[in-house]
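1. Test case, fold it:
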Amino acid sequence: KIQEHLGKAEAKRSPGRKTGAELRESEYMEVLEKSCSQSWDGYGVMEVEGVKRLTGPGLPSQEPMMVMMSGGPWPGRLHKMCHGYVGELGEERLYQAHRRGAAALQELLCHGAKGACTVLPHAGETAPARAPQNEL
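-> Just a heads-up that it's a prediction; the model follows:
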């Protein structure tokens, strides 16, 4: 969602250009605040082959879906997690990663291939070892 909101704000600064114009510090700080303060109600947890995964707008869908629980504690947790990232990493660092591309921002937020964004392996594959996660 951070990538989406920053991209939309850049596009508004330079309509018609392939890559949006760079935002001023005050602009990207406002966009990041709004991004974290958005409604997180469409997010929840689904169980895929016995493993619980976060799901919602902007997240890759993972089939087959067995059980999905939305709402509950997840909107509040995601709100807090987003603000935690902004506080921990800083607005400038997040924005500069965004400017380098979606992969750079994902790498920063996900803490690498074994971090918070680890994708569920396909059938027959084993899951990679993951770093401990205490954000959720």
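
2. okay, and the helix or strand of this structure with the least pLDDT?
-> strand 67-70 (a mean of 52; mean pLDDT, DSSP states H and E).

3. Next, the buried residues of the longest helix along the chain.
-> Ranked by number of residues, the top helix in the chain under DSSP state H is helix 74-89. Within helix 74-89, the residues that qualify as buried are W74, P75, L78, H79, M81, C82, Y85, V86, counting by 16 or more other CB atoms under 10 Å. Where C-beta positions appear, they are placed from N, C-alpha and C, glycine not excepted.

4. One more: stretch 42-50?
-> Going by 16+ other CB under 10 Å, stretch 42-50 has these buried residues: Y43, G44, V45, M46, V48.

5. so how far does it reach from one end to the other?
-> 22 Å (CA to CA, to the nearest Å).

6. Residue numbering should commence at 41 henceforth.
-> Taking 41 as the first residue, the last one we looked at is stretch 82-90.

7. Let me know the average pLDDT across that stretch.
-> Across stretch 82-90, pLDDT averages out at 79.

8. Ok, stretch 141-157 next?
-> 78.

9. Stretch 52-71 too?
-> 83.

10. buried residues in it?
-> G60, L63, E67, Y68, M69, V71.

11. Including distance to Q146 and secondary structure, could these go into CSV?
-> Shown next, in CSV, are the buried residues of stretch 52-71 (distance: CB to CB, whole Å; DSSP: H, G, I helix; E, B strand; the rest coil):
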residue, distance to Q146, secondary structure
G60, 18, coil
L63, 19, coil
E67, 22, helix
Y68, 18, helix
M69, 21, helix
V71, 18, helix
